[in-house]
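K.L.:
Below: sequence and its predicted model.
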Amino acid sequence: MTIASEPKLPKSSSQTTSRDSALDVIARVEQQMTELERLLEKPKAPFLPDHFVSVVIPVYNEQATILQVVEAVLRQPLDLEVIIVDDGSTDGTRDRLAAIAGLEGVRVIYHEKNQGKGAALRTGLAAAEGDFVVIQDADLEYDPSEIVALLLPLASGAADVVYGSRFVAGRPQGCSRLQYWGNRFLTGLSNQTLGLQLTDMETCYKAFSRWTVDSLQLTENRFGFEPEVTARLANLGARIKEMPITYQPRSWRDGKKIGFGDLASAIRCIFRYSRSS
């Protein structure tokens, strides 16, 4: 007697979509890895041949953008190293970083638990060996193609530190009023206490000469890094120059990590470190 087998049920559309999405992610990561390896194999004439540049990237839960950021940094016509400090990511970022940790010119340092952006930057700055050191965010709010422009005042001797200002030309498109006026308030308060004339103290994009990095003694673990480093630079007598940059802000819903508690912390840091010697 022949027993009819049960017909196979077709996979649900949700299962198919989930599988296709996973395959797309794998294919995209493999493509990015291939491109990173190609960039490292291809010789390039550095734009500033007499200067070695360290690009420090603090990372926390940025698996969607980290490889794209590293690729964009490696495309810059500079003799550089990339130092990535993973601050205890839990979203798969570490898997992406493990794949590139062995690439020439790329160093990955891991914090076992999340300590904050300031702590990650202290680790990265301590490891940096460049004549110039640039801070690059991992979320593509800042365009890595503007790194060279930030370095020009350092290379010419016109500045000791360069801040990439998002607000020289007013509020960038997509930047909320709360974020814009919050930054303007903190920058104005910092200027008053330090005697500076900055337009964007809170910018991530900062480029340092070697002597300023060696002279800094930083302590803040979270977003208090920005007012602390600005105050310490001012107290050192460092010449700070601003350069306009483009900015693609993302919202808290998209993963922005700074909050109202960090605003209060920034105010505390402005007053605390402005009185430091």
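P.N.:
Thanks, I have it.

K.L.:
low-confidence ranges in the stretch 101-250 of the chain?
P.N.:
Regions of the stretch 101-250 of the chain meeting the criterion pLDDT under 70 cover residues 172, 250.

K.L.:
just the helices in the stretch 51-200 of the chain please.
P.N.:
66-74, 93-100, 117-127, 147-156, 177-194 (DSSP state H, counting those that start in this stretch).

K.L.:
Pull the contacting residues for Gly118.
P.N.:
218, 220-225, 228 (CB atoms under 8 Å, 6 or more residues apart in numbering). Quick note: C-beta positions are derived from backbone N, CA and C, even for glycine.

K.L.:
could you redo the last one with a cut-off of 6 Å?
P.N.:
Shown in contact with Gly118 (CB atoms under 6 Å, 6 or more residues apart in numbering): 220-222, 225.

K.L.:
before we move on, what about Met201?
P.N.:
187, 190, 230.

K.L.:
How many residues are close by Trp177?
P.N.:
Actually, residue 177 is Arg rather than Trp. 8 (other CB atoms under 10 Å).

K.L.:
ignore the last one, Ala207
P.N.:
Neighbours of Ala207 (other CB under 10 Å): 27.

K.L.:
That one is in contact with Val162, isn't it?
P.N.:
Yes - using CB atoms under 6 Å, Ala207 is in contact with Val162, at 4.4 Å.

K.L.:
Not counting its neighbours along the chain, what's nearest Leu216?
P.N.:
Arg232 (5.6 Å; CB to CB, 6 or more residues apart in numbering).

K.L.:
Go ahead and report the secondary structure state at that neighbour.
P.N.:
Secondary structure, DSSP: H, G, I helix; E, B strand; the rest coil: Arg232 is helix.

K.L.:
what about it, distance to Phe223?
P.N.:
16 Å (CB to CB, to the nearest Å).
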